[in-house]
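Asks: got a predicted structure plus its sequence, pasted below:
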Amino acid sequence: MADTRHPERALANGKARVDFQTEPGGYRHWKLTVDGEIATLLMDVDEKGSLFEGYELKLNSYDLGVDIELADALERLRFEHPAVRVVVLRSGKPRVFCAGANIRMLAGASHAHKVNFCKFTNETRNGIEDLSEHSGLPMICAINGTAALVDDGSSSVALPELPLLAVLPGTGGLTRVADKRKVRRDHADVFCTTEEGVKGKRAVEWRLVDEVIPSSKFDDTILARCKELAAKSRRNGAGEGIKLAALAREFTADSVAYGSLGVSFDRSARIATITLRGPTAPPPSADGIAALGATFWPLQLARELDDAILHIRLNELDIAAIVFKSSGEVAEVMAYEKLLEANSDHWLVREIRLLWKRVFKRIDVTSRSLVTLIEPGSCFAGTLAEIAFASDRSYMLLGKRDGDNKPPAAMVLGAANFGLYPMANGLTRLASRFLANPAAIGAAQAETEKPLDAETAQRLGLITFALDDIDWDDEVRVFLEERASFSPDGLTGMEANLRFAGPETMESKIFARLTAWQNWIFQRPNAIGEEGALKRYGTGQQPVFDTKRV
């Protein structure tokens, strides 16, 4: 059912869907340049380049389209420019760095779009931090003007969403102030309730920025800091990178076809089925990984799965459940796993595995019921087995189907399942799964690289249910019909709570706590009502608030 309370604006330029594929030649908002070890990301937002109709992107404000380009640029820095050791983020506009998320966009967007916009921008910013921590590629933010929603003509930093708009910084600002910058609570309170923000010396004293530089020395100091960080960088990907060629996709009314996976839609049942296909050729030699580039099967599949998940999130809002299936040879999948493991120190292998980590995290925070079906002919092995562990439920068929000559379903665990792909809570999916019984992790690890049939997988706790051919169709059908009958809002809340058991981290706070509250606040009349702050911003009229605390 469409959201008639908050209908979506039309996409600009007659586009039919939000597309997450772009490339530097098509950027409207960013310029990526590389000079030896230093890359510069210049934010120069095209005011007329909005993703939707009805607003302009003034003062380097951003919408989802701006962030799609930023996310693409970060991926290209990872894969196409391995020799870069530090990145500078700058503004291309005088006296303003970034005015934050575009207010007109937020005021007129549907609730679903605001939620997914905040989610994607959070993932992109988490990716910046991941780039520094795990890829050895730090980023310097060179603020040459206002980094807030108010242009007061001088450099300042601000989070004025609360006083101006009656909402919260939706991309993790509150959490990063307290958890990452470790700003003192009372200072943070002042910072987050002051429209004009904090400038100069006080911004440094309060830990909001690292350094304030006179304009006459700004460029020289930034260059010096870049050289210092580059010298400390762990990044060792010297030489040529690989080209991230555009994904080959074919859209029809009820499907999206990629090279290594397919997506089909049963809209009457509100189900999307993603079928991942195993490799069609044996793994190459170690030297052949870079030669294959973006067509190397693990990299191609990760990029395509990421795009498919994002497409469903933004363009298929009525889908209640995503069903994951796979087809291929388990032995071939594990051969690729061994190739990656044997070359784990290679810069490209490292980046491929880090991409898979981000894709799995993208799945974790996707607001759809997730179910994996492990059937004869499936290839959920090693890295691909993580999909089953990321799902809310998993079903595995016992034995064969009548009249089917495929071998019985088998799951295979690999070394990657025991530490390579942590969740937002810092634990592996198996560790999160077995919070009450850590010994179960050791029992599963003892079966690494062994084909596990349905009974064994269930005994080890790796799947939800093992079903025979007689019960399979009915049990799966009933589950999916039931899922489609529940409240979408209730399911989203339930699943998000259950997926992140265990310790809390800055990242899990952003998704599980801050985003949840932000989503709720975005529906309140104080923010989006006709007399609310978002609707009255810039009109000269003060918002009218319902003053009850709830």
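Replies: Perfect, thanks for sending it.

Asks: residue closest to the middle of this structure?
Replies: Residue closest to the average C-alpha location in the chain (Cα atoms, centre = their mean): residue 123, at 3.7 Å.

Asks: identify the residues contacting that residue.
Replies: Counting by Cβ atoms under 8 Å, 6 or more residues apart in numbering, residue 123 touches 71, 358, 361, 362, 365. Quick note: C-beta positions are derived from backbone N, CA and C, even for glycine.

Asks: just the helices from the stretch 351-500 of the chain, written as ranges.
Replies: For the stretch 351-500 of the chain, applying DSSP state H, counting those that start in this stretch gives helices covering 385-390, 429-433, 439-445, 454-459, 469-485, 488-499.

Asks: which positions within the longest one qualify as buried?
Replies: Under the neighbour-count criterion of 16 or more other Cβ atoms under 10 Å, helix 469-485 has 472, 476, 479, 480, 483, 484 buried.

Asks: dump the residue contacts of the fifth one.
Replies: Remark: with contacts taken as Cβ under 8 Å, 6+ apart, residue 483 is in contact with 320, 321, 369, 491.

Asks: what mean pLDDT does the longest helix along the chain get?
Replies: Counting residues, the longest helix found in the chain (DSSP state H) is helix 111-135. Averaging pLDDT along helix 111-135 gives 92.

Asks: tilt between that helix and helix 488-499?
Replies: 20 degrees (axes from the mean of the first three to the mean of the last three Cα atoms, to 10 degrees).

Asks: could you shift the numbering so residue one becomes 781, and keep it that way?
Replies: With the count now opening at 781, the last piece we talked about shows up as helix 891-915.

Asks: so which bits of helix 891-915 are buried?
Replies: Those would be 892-908, 910-911, 915, for helix 891-915 by 16+ other Cβ under 10 Å.

Asks: thinking again about what came up before, and the contacts of residue 903, which is closest to residue 1223?
Replies: residue 1141 (26.0 Å; Cβ to Cβ).

Asks: what is the burial count for that closest one?
Replies: Neighbours of residue 1141 under the rule other Cβ atoms under 10 Å: 21.

Asks: now do the contacts for the closest residue to it other than its chain neighbours.
Replies: Spatial nearest neighbour of residue 1141, excluding adjacent residues (Cβ to Cβ, 6 or more residues apart in numbering): residue 1204 at 6.2 Å. Contacts for residue 1204 (Cβ under 8 Å, 6+ apart) come out as 1141, 1144, 1145, 1280, 1285, 1287, 1288, 1291, 1292.

Asks: show the pLDDT at the second one.
Replies: Reading off the per-residue confidence, residue 1144 sits at a pLDDT of 96.

Asks: all strands for the stretch 881-1030 of the chain, in order.
Replies: Here the stretch 881-1030 of the chain has its strands, by DSSP state E, counting those that start in this stretch, at 919-921, 925-927, 936-937, 1030-1032.

Asks: outside of the first one itself, list whatever touches it.
Replies: Which is strand 919-921. Looking at strand 919-921 with Cβ under 8 Å, 6+ apart, the contacting residues turn out to be 866, 867, 868, 869, 908, 911, 912, 1002, 1005, 1006, 1009.

Asks: what's the answer for the shortest one, then?
Replies: When contacts are taken as Cβ under 8 Å, 6+ apart, the neighbours of strand 936-937 outside the stretch itself are 923, 926, 927, 928, 976, 977, 978, 979, 983, 988, 989.

Asks: look up how far residue 1078 lies from residue 1028.
Replies: Relative to residue 1078, residue 1028 is positioned 17 Å away (Cβ to Cβ, to the nearest Å).

Asks: compare these two (neighbour count), which wins?
Replies: Neighbours per residue (other Cβ under 10 Å) separate residue 1028 from residue 1078, with residue 1078 holding more: 24 against 11.

Asks: sorry, back to before: now tabulate the contacts of residue 1204 in a markdown table and tack on distance to residue 1209.
Replies: Converted to a markdown table, those look like this (distance: Cβ to Cβ, whole Å):
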| residue | distance to residue 1209 |
| --- | --- |
| 1141 | 10 |
| 1144 | 8 |
| 1145 | 13 |
| 1280 | 11 |
| 1285 | 15 |
| 1287 | 15 |
| 1288 | 14 |
| 1291 | 15 |
| 1292 | 16 |
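
Asks: from those residues, which ones fall inside strands?
Replies: With strands taken from DSSP state E, there is no overlap with the contacts of residue 1204.

Asks: pLDDT check: weakest of the residues you listed?
Replies: residue 1292 (74).

Asks: residues touching that one, list them.
Replies: With contact taken as Cβ under 8 Å, 6+ apart, residue 1292 is in contact with 1204, 1276, 1277, 1280, 1284.

Asks: surely the second one touches residue 1145?
Replies: Yes. When contacts are counted by Cβ atoms under 8 Å, residue 1276 is listed as touching residue 1145 (7.4 Å).

Asks: and for those two, which residues touch both?
Replies: Each of residue 1291 lies in contact with both residue 1276 and residue 1145 under the rule Cβ under 8 Å, 6+ apart.

Asks: those two: who's more crowded?
Replies: residue 1145 (23 against 17).
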